[in-house]
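*Asks:* Attaching a predicted model along with its sequence, questions to come.
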Amino acid sequence: MASETPRRRYFPGNGIARVLSFTVLAVLVIAALAYGALRWADSDSGRAFVARQIPGIKTEIGLTVHVDRIDGSIFGVAVLHGLTLSDPKGVFAEIPRLELDWRPLDLVTKTFTAKRITTPEMRMLRLPQLLPSSSKTFFPDFEFAIGRFRIDRLVLEAPVSGKRRVLAVGGNATIHKGRALVDLTVLTLGETAKGSGDTVRLHLDTNPDADKFDVDALIAAPAGGAIVTLLKLPAPLDARLSGDGSWRNWVGRLDASLGGKPIAAVAITGTNGLFTARGTASPGAILIGAPARLLAPQVAIDASAQVNNGKAAITALL
């Protein structure tokens with residue numbers, strides 16, 4: 001009698017162990033490939049490759065970015081050389097050197113995180129002519145956390161502001177999980193590198209979930225300055241927006257004058273995201289031609305805006 005061949009006995013655990021083994025092996029291979037890709041991306045050839053790919057990024061508004069060279073680490077502190085910004089008609093801004101201390105992997109979660117963005121000089125050759133956007137949100141569908149932003153010399157060439165002007169720009173911005181925190185300062189620089197003209201200051205801190213709303217803005221634009229020239233105003237402009245309270249209950253006002261004469265006196269209130277503005281304005285002092293005659297000498301303002309999840313629905317009566 002022939003002996004029977006012993007049957008192999010299979011246990012459910014064997015299949016599970018094999019699956020786990022293959023899974024672990026696959027994860028290790030993917031991790032090794034990812035690590036190698038990251039190391040290569042941070043090499044000279046990798047940074048050159050990234051710089052070549054940047055102009056291929058298409059935006060809805062027609063903005064194109066070009067970079068000649070990237071030094072440092074693209075995953076930490078990077079120095080971008082020969083940065084240009086273009087619209088459909090060509091280059092409108094040049095930044096010879098930009099230092100960027102950022103965390104690019106945060107982009108996976110639709111968050112732009114940067115400890116520092118600084119440049120010694122940025123040249124605006126002309127005003128950009130970008131395409132209209134279909135977005136209806138007040139804030140972009142992206143979160144930002146910028147610790148420090150600084151342009152030592154923002155050069156506005158003659159096509160931008162009538163004649164060559166130099167500004168200094170600094171600030172920070174955070175738009176994260178419903179909170180918007182923005183601080184911005186813009187000063188016109190003279191030959192002595194001290195503030196000698198236009199001044200723009202903005203502080204905004206809003207967080208509905210924490211019942212937080214604080215805003216303070218100032219514009220001081222002397223005759224012949226960049227702002228007066230850009231807006232084609234006939235006299236110096238001074239404006240101030242301030243108030244006190246919280247997201248649930250905020251009371252403020254906007255006052256503006258042109259050449260020392262009041263052109264706006266508007267009371268503003270905010271209640272859980274519903275903002276109302278009531279007062280008077282004299283837009284005829286700024287406008288020219290038929291619009292100036294139509295809105296002269298003064299108009300009453302009665303407007304409201306409902307802000308919710310980054311969107312604003314505005315109604316106004318003049």
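*Replies:* Nice, I can see it.
*Asks:* residues in contact with I117?
*Replies:* Applying Cβ atoms under 8 Å, 6 or more residues apart in numbering to I117 gives the contacts 98-102, 146, 148-150. (C-beta placed from N, C-alpha, C; glycine too.)
*Asks:* check which helix or strand covers it.
*Replies:* strand 111-124 (DSSP states H and E).
*Asks:* in that strand, what's buried?
*Replies:* Within strand 111-124, the residues scored as buried using 16 or more other Cβ atoms under 10 Å are 111-114, 117, 119, 122-124.
*Asks:* Extract the CA atoms of that strand and return them as PDB.
*Replies:* C-alpha atoms of strand 111-124 as PDB (Å, rounded to 0.1, in the frame of the first residue of the first chain):
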ATOM      1  CA  THR A 111      -1.200  75.900   3.500                       C
ATOM      2  CA  PHE A 112       1.600  78.200   2.600                       C
ATOM      3  CA  THR A 113       4.000  78.500   5.500                       C
ATOM      4  CA  ALA A 114       7.000  80.800   5.600                       C
ATOM      5  CA  LYS A 115       9.000  82.200   8.500                       C
ATOM      6  CA  ARG A 116      10.500  84.800   6.300                       C
ATOM      7  CA  ILE A 117      10.200  86.300   2.800                       C
ATOM      8  CA  THR A 118      12.600  89.200   2.200                       C
ATOM      9  CA  THR A 119      14.200  90.900  -0.700                       C
ATOM     10  CA  PRO A 120      16.600  93.900  -0.900                       C
ATOM     11  CA  GLU A 121      14.800  95.200  -4.000                       C
ATOM     12  CA  MET A 122      11.800  94.700  -6.200                       C
ATOM     13  CA  ARG A 123      11.100  96.700  -9.400                       C
ATOM     14  CA  MET A 124       7.600  97.300 -10.700                       C
END
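*Asks:* I'd like to know the average pLDDT value across it.
*Replies:* Mean pLDDT, computed over strand 111-124, is 94.
*Asks:* quick one: strands adjacent to it?
*Replies:* strand 90-102 (antiparallel), strand 143-156 (parallel) (DSSP bridges).
*Asks:* got a list of contacts for the last one?
*Replies:* Contacting residues not belonging to strand 143-156 are listed as 109-124, 164-177, 189, 226 [Cβ under 8 Å, 6+ apart].
*Asks:* ditto for the shortest one
*Replies:* The set of residues external to strand 90-102 that reach it, using Cβ under 8 Å, 6+ apart, is 76-86, 112-129.
*Asks:* Need the strands paired with strand 111-124 in JSON lines (columns: distance to G259).
*Replies:* As requested, the strands paired with strand 111-124 are exported to JSON lines (distance: least, Cβ to Cβ, whole Å):
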{"stretch": "strand 90-102", "distance to G259": "32"}
{"stretch": "strand 143-156", "distance to G259": "23"}
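*Asks:* quick one: which of the ones you listed is nearest T185?
*Replies:* Within the strands paired with strand 111-124, the stretch nearest T185 is strand 143-156; the backing value is 9.8 Å (Cβ to Cβ).
*Asks:* all strands for the stretch 151-300 of the chain, in order.
*Replies:* Remark: strands assigned in the stretch 151-300 of the chain by DSSP state E, counting those that start in this stretch are 165-176, 179-189, 195-207, 212-221, 237-245, 250-258, 261-271, 274-281, 299-308.
*Asks:* which stretch among these comes nearest S134?
*Replies:* With Cβ to Cβ as the criterion, S134 lies closest to strand 299-308 of the strands of the stretch 151-300 of the chain, at 19.3 Å.
*Asks:* immediately after the closest one, which helix or strand?
*Replies:* Past strand 299-308, the next helix or strand by DSSP H and E is strand 311-317.
*Asks:* quick revisit: let me know the angle separating the strand holding I117 from strand 165-176.
*Replies:* Counting by axes from the mean of the first three to the mean of the last three Cα atoms, to 10 degrees, strand 111-124 points 170 degrees away from the direction of strand 165-176.
*Asks:* how far is strand 111-124 from where the chain is centred?
*Replies:* Relative to the chain's own centre, strand 111-124 is displaced by 11 Å; criterion: Cα atoms, centre = their mean, to the nearest Å.
*Asks:* and what of stretch 302-317?
*Replies:* Mean-position distance between stretch 302-317 and its chain equals 21 Å (Cα atoms, centre = their mean).
*Asks:* shaky segments in the stretch 201-318 of the chain?
*Replies:* 288-296, 310, 317-318 (pLDDT under 70).
*Asks:* Now with 90, please.
*Replies:* 223-234, 282-299, 307-318 (pLDDT under 90).
*Asks:* By neighbour count, which of the contacts of I117 wins?
*Replies:* W102 (22 neighbours; other Cβ atoms under 10 Å).
*Asks:* bridging residues for that one?
*Replies:* A114.
*Asks:* picking that back up, to be precise, which single item in the contacts of I117 has the lowest pLDDT?
*Replies:* When these are compared on pLDDT, W102 comes out lowest, with 89.
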